[in-house]
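Visitor: After the sequence you'll find the predicted model.
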Amino acid sequence: MPYGPSGAGHEHWSNVSSDEVPPLPESLKDWIASLPDSDMHAFGMDKSAFHEKQVVPRLLLGQYLHAQFTKVIHVERNRGIPIRVRLNNRVCDISYSCGSQKFHVICSEPPGQTFDSVIICTGHVWPKSTENGCEGFFESPYPPSKLEKTFNHPVALKGSSLTAIDAALTLSKANGKYSRVGRRLQYQRNAESTEFQLNMFSLGHFPSVRFHIDQPMMETNDTLSDESIQKHKTDNNGFISLDFLFERNFKRLLMLRDNLRYRAVMDKNVEEFCQWVTASRMEFDPFALLKADYLQAEKSIHFQESIVWKELVTVLNATLNEPAKYFSAEDYLRFKNMLVPLISDIIGQIPQSSAEHLLALHEAGVLALAVTSNDSKVEVIDNHEIRYAYTTKSGICKHQTFKTFVDCTGQVPLGHKDLPFRSLLEDVDIGSAAVRFRASSTAIESRNINSIAVRTYDNSIFYLMVGGVAITDSFQLVLSDGRVFDNCFITAVPFISGFNPDYSGLDICHNAAVLIAEKIESVLTNP
């Protein structure tokens, strides 16, 4: 989704450099070296100046990935492995035979086909329940082409993450022009868009700006080994402790790499650390903080020096995703309520170019950001009016009316009942993702106070329903009775985000693919 026209335009840049791309036939740097100059000029880039730490436009990265996909297929076919690619052919349904243990896939273009294994990797799902009935209401900014038109009035954007930044860049490009005066980027509205304005509403500030990373995520070897985590899980009644991972995969590494920063947090637990960092960032005006992050990132890149603590928050995020399914419900709630918002803020990694454009919009008086509470409400009054009610950070209740409103809060988690393959749902009983409470008293209290989804068995074992489907570490679906659905895998983010809360990024996708391939191989060789 991020690297093709359904998720990006020329104005959108990636936050992935050549040395962060998983192993493919060619590196991004070598592939770019093989391009004609005209291809790079189309993206406003100079091929001769490109280096492995540089990021590229998302559409250019998409072209690279497509070229590597084609090359891999060619190589494997030459090795005698038959591969059939059927593009633009919608999968209408999947059925499963318990007797033969095979899947039958029905497509929009016959014929259907029978398989031993199926991997459901359907990507993001952007709903359009309200959008279809209201001209000015957009439930997501994707595809960006739908926002490429004149809006001669204020536009509301809910959110300030990378999704909201995508929308802001697309809308501003359609309603004005950027130009440089010396090194300074400036923005001016078009003559027909003099009333164009972008109003962001968010629970926090913008994510951090991408900085120089010494060690790409794929090469991080200092975190806990799988064996250490399994031993801890065995010794901890089947749970993996959030505090254990925080101490070992963040604070311990920080002590080794930045002892001065470590001494500032050495006595802080997860909650105290999150509150400390969040409070320090929230003290600043959003655009003052964005500018400070941008200048700090520029310095980091110029001197090729990492911002260690931010890099290690990224490491921590990667090491928390897979174990999250083994958290106690108590730890899972701590993780979601405290750590996930901070991680999203730090690892968002706004490309430098995008940050520069946001600052230019703000300096032109076009972009504003209001920090709100999480109780905001959107009401579609008629086909041309959307009422947005919210509470400010200082506790004042407000409401504003807009002709155009774009929900940029990102992917909504989906459950197994939302899977588009109805026959599969009838043939097998897919389990829902849930984590167990350590204490029944905590479960009862959480259910009564927070109205969270809690399920109980025998009125003594309580589970927190975390959304999405249940999966194994190898991304196999788990049935409601706990049995593993051996040959059915799923990596679609909307459906696995309960057990894998932030499973995104090319390196993590690569790791998922390796795990699935190894599991399929083991099933084939040991039926």
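Guide: Ah, there it is. Residues are numbered from 1 along each chain as shown.

Visitor: Going by C-alpha atoms from here, please, whenever you check contacts or count neighbours.
Guide: OK.

Visitor: Helices along the stretch 251-400 of the chain, start to end?
Guide: Assigned by DSSP state H, counting those that start in this stretch, the stretch 251-400 of the chain shows helices spanning 252-257, 259-265, 270-282, 286-303, 308-321, 329-334, 340-347, 352-363.

Visitor: any idea of the mean pLDDT for the longest one?
Guide: Going back to what we said before, that points to helix 286-303. Helix 286-303 carries an average pLDDT of 94.

Visitor: Which strands and helices lie in contact with it?
Guide: Secondary-structure packing of helix 286-303 (3 or more Cα pairs under 8 Å, 6 or more residues apart in numbering; DSSP states H and E): helix 352-363.

Visitor: how many degrees apart are the helix it packs on and helix 286-303 in direction?
Guide: Following axes from the mean of the first three to the mean of the last three Cα atoms, to 10 degrees, one obtains 150 degrees for the angle between helix 352-363 and helix 286-303.

Visitor: Return the set of buried residues in helix 352-363.
Guide: For helix 352-363, burial by neighbour count (16 or more other Cα atoms under 10 Å) applies to 352-362.

Visitor: quick one: which of the residues you listed is nearest residue 410?
Guide: Set against residue 410, the nearest of the buried residues of helix 352-363 by Cα to Cα is residue 354 (18.0 Å).

Visitor: Assess the claim that the closest one and residue 13 are in contact.
Guide: Yes - look at residue 354 against residue 13 with Cα atoms under 8 Å: they come within range, at 7.2 Å.

Visitor: Please enumerate the shared neighbours of these two.
Guide: When contacts are counted by Cα atoms under 8 Å, 6 or more residues apart in numbering, the set common to residue 354 and residue 13 is empty.

Visitor: one step back: ok, so of the buried residues of helix 352-363, who is nearest residue 34?
Guide: Nearest to residue 34, judged by Cα to Cα, of those is residue 353 at 24.3 Å.

Visitor: Chain neighbours aside, what residue packs nearest to that closest one?
Guide: Nearest-residue entry for residue 353: residue 13, 7.4 Å, with adjacent residues in sequence omitted and distances by Cα to Cα, 6 or more residues apart in numbering.

Visitor: repeat for residue 135
Guide: Nearest residue to residue 135 in three dimensions, chain neighbours excluded: residue 383, at 5.7 Å (Cα to Cα, 6+ apart).

Visitor: Tell me, how many residues neighbour that neighbour?
Guide: Neighbour count of residue 383, defined by other Cα atoms under 10 Å: 13.

Visitor: looking at it, it is touching residue 131, isn't it?
Guide: No - when contacts are counted by Cα under 8 Å, residue 383 is not listed as touching residue 131 (10.0 Å).

Visitor: how close does residue 20 get to residue 419?
Guide: Distance, residue 20 to residue 419, by Cα to Cα, to the nearest Å: 32 Å.

Visitor: Those two: which has the busier surroundings?
Guide: More crowded of residue 20 and residue 419, by other Cα under 10 Å: residue 20, with 21 against 16.

Visitor: Quick check: that one touching residue 510?
Guide: No - using Cα under 8 Å, residue 20 makes no contact with residue 510, being 11.2 Å away.

Visitor: List the residues that contact the closest residue to residue 102 other than its chain neighbours.
Guide: The spatially closest residue to residue 102, leaving aside those adjacent along the chain, is residue 116, at 5.0 Å (Cα to Cα, 6+ apart). By Cα under 8 Å, 6+ apart, the contact set of residue 116 is 101-103, 487.

Visitor: And for the closest residue in space to residue 273 that isn't next to it in sequence, the neighbour number?
Guide: Excluding the flanking residues, the one nearest residue 273 by Cα to Cα, 6+ apart is residue 265, at 6.7 Å. Neighbourhood size, residue 265 [other Cα under 10 Å]: 17.

Visitor: What confidence value was assigned to residue 265?
Guide: In this model, residue 265 is scored at 94, pLDDT.

Visitor: ok, it touching residue 274?
Guide: No - using Cα under 8 Å, residue 265 is not in contact with residue 274; the gap is 10.4 Å.

Visitor: For the protein, give me the ranges with low pLDDT.
Guide: Along the chain, segments meeting pLDDT under 70 span 127-130, 132-133, 215-224, 448-451, 458, 527.

Visitor: element containing residue 187?
Guide: Assessed by DSSP states H and E, residue 187 sits inside strand 184-189.

Visitor: Show me which positions of that strand end up buried.
Guide: Counting neighbours by 16+ other Cα under 10 Å, one finds that the buried residues in strand 184-189 are 185-189.

Visitor: Check stretch 298-306 too.
Guide: Buried residues in stretch 298-306, counted by 16+ other Cα under 10 Å: 298, 300-301, 306.

Visitor: Check stretch 406-419 too.
Guide: By neighbour count with 16+ other Cα under 10 Å, stretch 406-419 contains the buried residues 406-410, 413-416, 419.

Visitor: mind listing which of those residues are in strands?
Guide: Secondary structure of the buried residues of stretch 406-419 is defined by DSSP state E; positions in strands are 406-407.

Visitor: so which two of the buried residues of stretch 406-419 are the farthest from each other?
Guide: Pairwise distances among these were taken by Cα to Cα; the largest, 26.9 Å, belongs to 406 and 416.

Visitor: The top strand by length along the chain: partners in the sheet, and parallel or antiparallel?
Guide: For the chain, the strand reaching the highest residue count under DSSP E is reported as strand 461-469. With DSSP bridges as the test, strand 461-469 is paired with strand 432-436 (antiparallel), strand 454-457 (antiparallel).

Visitor: and the shortest one, which residues are buried?
Guide: Okay, so that is strand 454-457. Of all the residues in strand 454-457, those buried under the rule 16+ other Cα under 10 Å are 454-455.

Visitor: List of residues touching that strand?
Guide: For strand 454-457, the external contacting residues (Cα under 8 Å, 6+ apart) are 443, 447, 462-465.

Visitor: if you set the cut-off to 10 Å instead, what comes out?
Guide: With Cα atoms under 10 Å, 6 or more residues apart in numbering as the contact definition, strand 454-457 has outside contacts at 329, 434-437, 440, 443-444, 446-448, 461-466.
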